[in-house]
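A.B. asks: Sequence and predicted structure are below.
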Amino acid sequence: TQLLEQSPQFLSIQEGENLTVYCNSSSVFSSLQWYRQEPGEGPVLLVTVVTGGEVKKLKRLTFQFGDARKDSSLHITAAQPGDTGLYLCAVNSGYALNFGKGTSLLVTP
Amino acid sequence: EAQVTQNPRYLITVTGKKLTVTCSQNMNHEYMSWYRQDPGLGLRQIYYSMNVEVTDKGDVPEGYKVSRKEKRNFPLILESPSPNQTSLYFCASSWAGDSYEQYFGPGTRLTVT
């Protein structure tokens, strides 16, 4: 059973469009992380959200943690080709880390 | 420069030939971990270590061994590799705390024939 469900699995958009990707679970978490992975490289941490309802912004990326701390979303405004990559959410359960399967985003010029 | 290094980056081997993938971090992190990444299955944790001489199984530990004799190093050992261990492997490290925010290495692509 997958602890974290990410949707959509794939997303192909044109430069300048807005998009939202989701990370959902039936469990409650103390915190949730978002990573971006570019082809051939390791994932890189984007943000950690901790408080229910929290919104964090990283330039054109907006991250939100659900009020009940069961889900999170990532919104990208005016996507650019440099945003292309695999977006992963992750939580820790005890000392173990669990990752969603990711949303693969392709932004074409 | 703060980093996690892995060696080798690419490895092709044959079934049953023991191999070790090294991992080293220079950030004095307590927590280190190994993951494998497979199409359709995502990133799955193999083993993790909370500190020197403290290791525990992740989701997919079968066929792997680890050791943590020094804080900076966390090698992954495949004593008898099999084709189903063909995968992309990542080492990561973090501070031990509430969130365990991971710093990942560049990955090792392993092919077992």
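C.D. replies: Structure's in. What do you need?
A.B. asks: alpha carbons only for contacts and neighbour counts from here, please
C.D. replies: Fine.
A.B. asks: Point me to the residue of chain B nearest chain A.
C.D. replies: Proximity of chain B to chain A (CA to the nearest CA) peaks at residue B:42, 4.4 Å away.
A.B. asks: residues near that residue, how many?
C.D. replies: Look at residue B:42: counted by other CA atoms under 10 Å in any protein chain shown, it has 15 neighbours.
A.B. asks: beta partners for it?
C.D. replies: residue B:38 (DSSP bridges).
A.B. asks: and it, what is it in contact with?
C.D. replies: For residue B:42, the contact set (CA atoms under 8 Å, 6 or more residues apart in numbering or on different chains) comprises A:99-102.
A.B. asks: And the pLDDT at residue A:1?
C.D. replies: pLDDT, residue A:1: 51.
A.B. asks: swap that for residue B:2, sorry
C.D. replies: For residue B:2, the pLDDT comes out at 87.
A.B. asks: Just say helix, strand or coil for the residue of chain B positioned farthest from its centre.
C.D. replies: Most distant residue from the mean C-alpha position of chain B: residue B:98, 21.4 Å away (CA atoms, centre = their mean). Three-state assignment for residue B:98 (DSSP: H, G, I helix; E, B strand; the rest coil): coil.
A.B. asks: try residue A:52
C.D. replies: Per three-state DSSP, the secondary structure class of residue A:52 is coil.
A.B. asks: what about it, distance to residue A:28?
C.D. replies: Separation of residue A:52 from residue A:28 (CA to CA, to the nearest Å) stands at 10 Å.
A.B. asks: Settle it for me: which of the two has more neighbours?
C.D. replies: Each of residue A:52 and residue A:28 has its neighbours counted (other CA under 10 Å); residue A:52 has more, 18 against 12.
A.B. asks: Test my guess that that one contacts residue A:65.
C.D. replies: Yes: with contact defined as CA atoms under 8 Å, residue A:52 counts as touching residue A:65 (5.6 Å).
A.B. asks: Give me the below-cutoff pLDDT ranges for chain A.
C.D. replies: Counting by pLDDT under 70, the ranges of chain A that qualify are A:1-2.
A.B. asks: Quick one: residues contacting the residue lying closest to residue B:71 once chain neighbours are set aside.
C.D. replies: Leaving out its chain neighbours, the residue that sits closest to residue B:71 by CA to CA, 6 or more residues apart in numbering or on different chains is residue B:52, at 5.5 Å. By CA under 8 Å, 6+ apart, the contact set of residue B:52 is B:30, B:68-71.
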